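Peer 1: pasted the sequence and its predicted model underneath.
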Amino acid sequence: MFIDTANIYVKSGNGGNGAVSFRREKYVPKGGPDGGDAGRGGDVIFEADSDIRTLMDFRYKRKYVAENGEDGGTNNCHGRDGSSLIIKIPKGTLVKDAESQRIIADLTEDGQKVIVARGGRGGRGNTRFKNSTRQAPNFAEPGQEGEEMNIGLELKLLADVGLIGFPNVGKSTILSMVTAAKPKIADYHFTTLTPNLGVVELSGGKSFVLADIPGLIEGAHEGSGLGFEFLKHVERTKVLIHVVDISGIEGRDPIDDFDKINGELKMYNPELVKKMQVVAANKSDITGSEKNFIAFEKEMKTRGIKVFKVSAATNSNLKELMYYVSDMLDKIPEEKSNISLEQEYFKLDDEKDSKGYEIKIENNKYVITGSYVDRLFKKFNINDSESLRYFEKAIQKKGIIDELKQMGAKEGDTIKMNDFEFDFVE
């Protein structure tokens, strides 16, 4: 089964907690702090892998969590960093924030990687808080929590050339004749329910990837039939082979079919109709097709579009068509994705990206809340005098004291941070 979309949950590892520890040796009655730093949490990384063809695996496993960092130890032992989690996905997969639909990365090259969730920073042990005035800090830093998010994956086939056209015009048969691909073929509409890929190999070492893109009918741009499922695969191609049924045995008008399919492409994405096209007028071996072909070719010439009279059933003129397409590809400059891999996620190591707190006045109290406050209260011990002095310096350095003054806080006013209340002192 071909699966080209998936939604999963990812979470990077939490940073470990720094250790609070003091040397305890027989002849060292006042040993200093020796709590070690903790390890960093593992990242969540997506990597493009050319050996993977679909997103099938993500249908059965939807939760991915990286390893947490190890807590710091005694004797200044550093906790081990958590292992990063590398998730393999097919080349050509868009990685999105599932909630905002913001594109995080477009992985089109084998081995290309992107970090979608940074592991939390490990906390510092109490050794780090020792200074000339604070000889025995009885507190350490907790680890930061890892990032978590819902990720949307969308696979768009990486094919040089796409076969487009209405159902049952012979796209799958052409693919089977010019490549080693073995698509399901039968004489009824919508035989092809999944895209098929094949490699066209020509003399002189030339080759290109050809995709049979099904599901194009009237209303495809609105999701009719399988429109939404397959129109996106056209976006990756450089050249389009537009297959039409020139025989007229089903009462179809090839010019009308050509216009309708291009109309669907335009309404889905106006850029698609700007792609180079060549027409394969198929089923030319059927009696009565010649008259239709003459009228069709005459109209296409007025539009500057090359037409090949082919028969997929008898393999007539397909080789010439493939060589012509190969020459078209040679004239197209190599395109690079216009999607930036610049990450927009919040950088856990740099709290300057976010103030981390908010001050409100409630019931004549200045109430301070936010992620910075939560982390600060995990760090210090309110029952320890040195820890409280560290707390005072921390909120002064963060700018909280200055902001309280700007808001009109005066000596003796009540400040509340989480469940801790204290008087404001200038």
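Peer 2: Yep, it's here.
Peer 1: contacts and neighbour counts: CA atoms only from here.
Peer 2: Noted.
Peer 1: backbone phi and psi for the residue nearest the centre of the chain, please?
Peer 2: Nearest to the geometric centre of the chain sits residue 95, at 1.1 Å (CA atoms, centre = their mean). With angles defined as degrees, to the nearest 10, residue 95 sits at phi -110, psi 120.
Peer 1: who are the neighbours in contact with it?
Peer 2: Neighbouring residues of residue 95 by CA atoms under 8 Å, 6 or more residues apart in numbering: 103-107, 151-154.
Peer 1: from those residues, which two are the most distant?
Peer 2: For the contacts of residue 95, the farthest-apart pair by CA to CA is 107 and 151; their separation is 14.3 Å.
Peer 1: outline the domain layout of the chain.
Peer 2: For the chain, automatic domain parsing gives the domain ranges 5-155, 161-330, 353-423.
Peer 1: pull the strand or helix carrying residue 402 out as PDB, backbone CA atoms only.
Peer 2: Assigned by DSSP states H and E, residue 402 belongs to helix 400-406. Taking Å, rounded to 0.1, in the frame of the first residue of the first chain, the C-alpha atoms of helix 400-406 are listed here in PDB:
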ATOM      1  CA  ILE A 400      11.800  41.400  37.100                       C
ATOM      2  CA  ILE A 401      12.600  44.000  39.800                       C
ATOM      3  CA  ASP A 402      13.000  46.800  37.300                       C
ATOM      4  CA  GLU A 403       9.700  45.900  35.600                       C
ATOM      5  CA  LEU A 404       7.900  45.800  39.000                       C
ATOM      6  CA  LYS A 405       9.200  49.300  39.700                       C
ATOM      7  CA  GLN A 406       7.900  50.500  36.300                       C
END
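Peer 1: now what about that helix, what contacts it?
Peer 2: With CA under 8 Å, 6+ apart, helix 400-406 has contacts from 366, 395-396.
Peer 1: then stretch 108-119?
Peer 2: So stretch 108-119 is contacted by 10-15, 40-50, 66, 68, 91-93, 104-105, 107, 145-149, 158, 341, 343, 345, 347-348 (CA under 8 Å, 6+ apart).
Peer 1: which ones among these lie within helices?
Peer 2: Among the contacts of stretch 108-119, no member falls in helices (criterion: DSSP state H).
Peer 1: and residue 264, backbone torsions?
Peer 2: Main-chain dihedrals, residue 264, degrees, to the nearest 10: phi -60, psi -40.
Peer 1: what separates it from residue 154, distance-wise?
Peer 2: 21 Å (CA to CA, to the nearest Å).
Peer 1: over to residue 276?
Peer 2: For residue 276, the distance to residue 154 - CA to CA - is 25 Å.
Peer 1: related to what we said a few turns ago, local confidence estimate at the residue nearest to the centre of the chain?
Peer 2: At residue 95, the predicted lDDT confidence score is 92.
Peer 1: that one bridge partners, please.
Peer 2: Beta-bridge pairing of residue 95 under DSSP bridges involves residue 105, residue 153.
Peer 1: tell me which of residue 276 and residue 154 has more neighbours.
Peer 2: residue 154 (21 against 17; other CA atoms under 10 Å).
Peer 1: next up, the contacts around that one.
Peer 2: When contacts are counted by CA under 8 Å, 6+ apart, residue 154 touches 4-6, 93-95.
Peer 1: hang on, the earlier thing: tell me which of the domains of the chain sits most buried.
Peer 2: A comparison of the domains of the chain by mean neighbour count, using mean count of other CA atoms under 10 Å, puts domain 5-155 on top with a mean of 21.
Peer 1: which residues does the closest residue to residue 285 other than its chain neighbours contact?
Peer 2: In space, and not counting its chain neighbours, residue 285 is closest to residue 311: 6.0 Å by CA to CA, 6 or more residues apart in numbering. When the contact criterion is CA under 8 Å, 6+ apart, the partners of residue 311 are 281-285, 317-318.
Peer 1: want to throw the residues you listed into JSON lines with pLDDT and distance to residue 240?
Peer 2: JSON lines is the format used below for the contacts of residue 311 (pLDDT from 0 to 100; distance: CA to CA, whole Å):
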{"residue": "281", "pLDDT": "94", "distance to residue 240": "13"}
{"residue": "282", "pLDDT": "93", "distance to residue 240": "15"}
{"residue": "283", "pLDDT": "91", "distance to residue 240": "19"}
{"residue": "284", "pLDDT": "91", "distance to residue 240": "20"}
{"residue": "285", "pLDDT": "88", "distance to residue 240": "23"}
{"residue": "317", "pLDDT": "93", "distance to residue 240": "17"}
{"residue": "318", "pLDDT": "94", "distance to residue 240": "15"}
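Peer 1: of those residues, which belong to strands?
Peer 2: Among the contacts of residue 311, the ones falling in strands (DSSP state E) are 281-282.
Peer 1: which one of the contacts of residue 311 sits closest to residue 76?
Peer 2: Distance to residue 76, by CA to CA, is smallest for residue 318 among those, at 72.6 Å.
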